[in-house]
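K.L.:
how would this look folded up:
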Amino acid sequence: MMVINKITLFSNINVFLFLTIPFLLSAQSPPAPFSLSPSPSPLESPSPAPSPALRHVNLTDLLTHAGPYHTFLSYLIQTNVIEVFQSQANDTKSGGLTLFAPEDSAFARLKESTFANLTNDQLKTLLLCHAFPHYYTLANFQNLSTQNPVTTFAGGSCTLNVTYDMGNIHVVSDWFSAKIISSTYSTSPVAMYALDMVLVPKEIFSVEPALAPVPAPPPEAKPADATPSSSVTGTSPTSSQSDSTTPSSSNGVRVGLLEFLALVFTGFLVIFW
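P.N.:
Prediction:
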């Protein structure tokens, strides 16, 4: 009897082990695969992502499409100054570029003969006077106005003074004070601002250039005189005259008839009396 109990107990233990061992083995995490490469240290920081490539601004396209700068651009291309400015804009190690672009109306304010007699070098100097070899935002001009004069790409041949008054910014050359009327483009390293006047240095013009005559405004149309129509003026007096003369004529006829009857009656009395 004791032998049978031992056999039963042994069988129960085998069944218990058979059921529980697979469950215990599946609950264990598998071992990490063997690798020859060392695992990264938790203290190591990941390598920084590469910075995006700098996008260069095409100044020719900017001047062509951003505003009425056709005259200024044609002079830049004619003298190859556009290449000087573009090289500065593409140089990541430079201080950038601040370009002052006079609008077509600014050139129209000067006589057409103003630039006709300039040599190519003189015209080149005048154009180089329209840029600073540094990138300036509009907020920088307040501090820049305390550093006058400011050197341009023309060097000592042309320096500019900057004035800042409650957000109104003027760039002053020897002869003219040009106002910044808008910010055409401003993303480092290039800024471009529109001017209402061309910057003219004394290095090129010993006397102040003459301004183009301002066209006279067209004459204002005067309203036609308010006169009565001919039909009214022609008929009104006539009707008034007819109204005034008709009673008098009828009265005259009556008076004449009475006089005629009185004469007939008097003659009748004379004959038969």
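
K.L.:
what's stretch 202-219 in contact with?
P.N.:
With contacts defined as C-beta atoms under 8 Å, 6 or more residues apart in numbering, stretch 202-219 is touched by 108-112, 114, 118, 122, 125-126, 154, 157-158, 174-175, 200. In this view, the C-beta of every residue, glycine as well, is placed from N, C-alpha and C.

K.L.:
so how far does that stretch reach from one end to the other?
P.N.:
Taking C-alpha to C-alpha, to the nearest Å, the first and last residues of stretch 202-219 lie 39 Å apart.

K.L.:
tell me the mean pLDDT over that stretch?
P.N.:
Mean per-residue pLDDT for stretch 202-219: 83.

K.L.:
Show me which residues of that stretch are buried.
P.N.:
Of all the residues in stretch 202-219, those buried under the rule 16 or more other C-beta atoms under 10 Å are 203, 204, 205, 209.

K.L.:
Number of residues surrounding the closest residue to residue 103 other than its chain neighbours?
P.N.:
Leaving out its chain neighbours, the residue that sits closest to residue 103 by C-beta to C-beta, 6 or more residues apart in numbering is residue 68, at 5.0 Å. For residue 68, the neighbour count with other C-beta atoms under 10 Å is 15.

K.L.:
Pull up the per-residue confidence for residue 68.
P.N.:
We have a pLDDT of 96 for residue 68.

K.L.:
And it, how close does it get to residue 201?
P.N.:
24 Å (C-beta to C-beta, to the nearest Å).

K.L.:
What of residue 115?
P.N.:
13 Å.

K.L.:
In terms of neighbours, single out the busier of the two.
P.N.:
Shown here are residue 115 and residue 201; by other C-beta under 10 Å, residue 201 has more neighbours (21 against 18).

K.L.:
OK, contacts around the residue nearest to the more buried one when sequence neighbours are not counted?
P.N.:
Nearest residue to residue 201, sequence neighbours excluded (C-beta to C-beta, 6+ apart): residue 158, at 4.1 Å. The contact partners of residue 158, taken as C-beta under 8 Å, 6+ apart, are 125, 126, 128, 129, 152, 173, 199, 201, 203.

K.L.:
sorry, back to before: quick check, nearest of the contacts of stretch 202-219 to residue 75?
P.N.:
Residue 75 has its nearest neighbour among these in residue 126, at 8.2 Å by C-beta to C-beta.

K.L.:
The helix or strand harbouring residue 192 - which strands sit beside it in the sheet, and in what orientation?
P.N.:
Assessed by DSSP states H and E, residue 192 sits inside strand 190-195. Here strand 190-195 is paired, per DSSP bridges, with strand 97-102 (parallel), strand 177-187 (antiparallel).

K.L.:
Kindly reformat those as CSV containing mean neighbour count and mean pLDDT.
P.N.:
As requested, the strands paired with strand 190-195 are exported to CSV (neighbours: other C-beta atoms under 10 Å; pLDDT from 0 to 100):
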stretch, mean neighbour count, mean pLDDT
strand 97-102, 24, 98
strand 177-187, 15, 97
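
K.L.:
Output those strands in a markdown table; the columns should cover distance to residue 218.
P.N.:
Listed next are these as a markdown table, based on distance: least, C-beta to C-beta, whole Å:
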| stretch | distance to residue 218 |
| --- | --- |
| strand 97-102 | 27 |
| strand 177-187 | 26 |
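
K.L.:
Which residues belonging to the helix or strand residue 71 falls within are considered buried?
P.N.:
Following DSSP H and E, one finds residue 71 within helix 70-79. Using 16+ other C-beta under 10 Å as the test for burial, helix 70-79 gives 71, 72, 73, 75, 76, 79.
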